[in-house]
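Novice: Quick one: sequence plus predicted model below, questions after.
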Amino acid sequence: MSRTAEVPRSPRPAALLPEAGRFWIRYVPRAWEPPEQPWVHLAEGRLGEWGRAAAQAAQKAATGANLFGLLAEEPLDDVLYLPPVATRRAAARDKLASSRLVDGTPVVIQLFPGDESAVPAVAGVAFVVDLLPSLLARDLDRLARIPPGASAVWALIPGLTDDPALWDEGCARLAAAGVRCVQAVAPELSPSDRRRLAERWGKENEAEIFAALFHREPPPERDFARAAHRHGLAPFLPRPLPRPPVLRIENRRIGGVLALIAELWLRLGRSDEQAQAFFRAARWIDATQHDVEAVVDEGNLAVLPLDPASREIVSEIVETGEARLAGELLADYVGDENA
């Protein structure tokens, strides 16, 4: 019997609610072999497992063709997250990503500066480059090796990556490389994360970095977004959309605009009640079997279970292709705080 035949059916990935602040991820593999360097878990807003011990444990737990520990065979209708993997698993990751793209599934592939991927840069795939190892090592030259059109994630870690001067230098290099978006994440740090970061990257200013890691809050993600905006960099990854044969693709786009409005509404300190109404509308549109664009065209928008503000936004998106409120909120979010 072949080794492949011995592999049990792959588990279904964990499903999340897509949000702009979490890179629109809906599906997350339940197991994979992680890299040895630190990285940001985009879907959960924390540091992922990293280091030789984590990689060895994952390798022992995996078997045969299931080494990437991935997915049930049925098609996935929303964003699949492929976290960074050990170098020797890159080909398996790319093969999986390519097959899912053929099925119409949008994919977020997380890489490090200098990593290469055989996955073509087509509609539905987003490459997000994790800058954390390069920032910790202060190796900003590697940022020039990010392919044009990619996006990046900047982890805001107190004492190590939260210096505004570092932001400006890094963003200038990213903009020069042709990066389109740099999204900040203030990851949750466990006591073990803080200790390992201090031990490995805090030797030059040990007391200062230890105090920052254990006793200082990270800066607001909005502060970084303002710095990135000055270099022409967008603060949020655009929602990767499915492709045929997946159905109701336009619903995903409309829902994404509403979800971004909800995210910005909250971050700007506006009414929590209205933000939650926007979130509910976005999730209903994502889940419904109705073609929302057709419903609007037929004059039946009023029958949809949406609040008045969300209904107005949906109508505007269908009629004009965009929502004015989204642009206004985004401009406010990245604008000069003294304005």
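Specialist: Perfect, thanks for sending it. Numbering: from 1, shown residues only.
Novice: quick one, strands of the chain?
Specialist: In the chain, the segments counted as strands under DSSP state E are 14-15, 27-28, 40-41, 46-47, 80-82, 107-111, 125-130, 151-155, 181-185.
Novice: how about the ones you listed in TSV, adding distance to His215?
Specialist: (C-beta placed from N, C-alpha, C; glycine too.) Shown next, in TSV, are these (distance: least, CB to CB, whole Å):
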stretch	distance to His215
strand 14-15	33
strand 27-28	32
strand 40-41	22
strand 46-47	18
strand 80-82	32
strand 107-111	30
strand 125-130	26
strand 151-155	18
strand 181-185	21
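Novice: Which one of the ones you listed lies nearest to Pro235?
Specialist: Judged by CB to CB, the one of those that comes nearest to Pro235 is strand 181-185, at 6.3 Å.
Novice: List just the one of the strands of the chain that sits closest to Trp265.
Specialist: Across the strands of the chain, closest to Trp265 is strand 181-185 (CB to CB), at 17.8 Å.
Novice: okay, the strands of the chain in CSV with mean neighbour count and distance to Gly335 next?
Specialist: Below are these laid out as CSV (neighbours: other CB atoms under 10 Å; distance: least, CB to CB, whole Å):
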stretch, mean neighbour count, distance to Gly335
strand 14-15, 13, 35
strand 27-28, 23, 33
strand 40-41, 24, 26
strand 46-47, 19, 29
strand 80-82, 25, 31
strand 107-111, 23, 28
strand 125-130, 23, 25
strand 151-155, 24, 19
strand 181-185, 24, 16
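Novice: Turn these into TSV, columns for mean pLDDT and distance to Ala137.
Specialist: Listed next are these as TSV, based on pLDDT from 0 to 100; distance: least, CB to CB, whole Å:
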stretch	mean pLDDT	distance to Ala137
strand 14-15	76	31
strand 27-28	92	28
strand 40-41	97	16
strand 46-47	96	16
strand 80-82	95	24
strand 107-111	98	17
strand 125-130	98	13
strand 151-155	98	13
strand 181-185	98	18
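Novice: among those strands, which is nearest Gly232?
Specialist: Closest to Gly232 of the strands of the chain is strand 181-185 (CB to CB; 10.3 Å).
Novice: Show me the helices in the stretch 151-300 of the chain, by range?
Specialist: Assigned by DSSP state H, counting those that start in this stretch, the helices in the stretch 151-300 of the chain fall at 164-177, 191-201, 206-215, 221-230, 249-267, 272-287, 292-297.
Novice: if you compare these, which one is most tucked away?
Specialist: Stretch with highest mean neighbour count among the helices of the stretch 151-300 of the chain: helix 249-267 (a mean of 22; mean count of other CB atoms under 10 Å).
Novice: Mean confidence (pLDDT) on that helix, please.
Specialist: Mean per-residue pLDDT for helix 249-267: 98.
Novice: cool, stretch 277-291 as well?
Specialist: Averaging pLDDT residue by residue across stretch 277-291 gives 97.
Novice: Please export the C-alpha coordinates of it as CSV.
Specialist: Extracted C-alpha coordinates of stretch 277-291, given in CSV (Å, rounded to 0.1, in the frame of the first residue of the first chain):
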residue,chain,number,x,y,z
ALA,A,277,-24.8,47.0,13.2
PHE,A,278,-22.4,47.4,10.3
PHE,A,279,-20.6,44.2,11.4
ARG,A,280,-24.0,42.3,11.5
ALA,A,281,-24.9,43.6,8.1
ALA,A,282,-21.5,42.5,6.6
ARG,A,283,-21.8,39.0,8.1
TRP,A,284,-25.4,38.6,7.0
ILE,A,285,-24.4,39.5,3.4
ASP,A,286,-21.4,37.1,3.5
ALA,A,287,-23.7,34.3,4.7
THR,A,288,-26.9,34.8,2.6
GLN,A,289,-27.8,32.8,-0.4
HIS,A,290,-29.4,35.8,-2.0
ASP,A,291,-27.6,37.8,-4.7
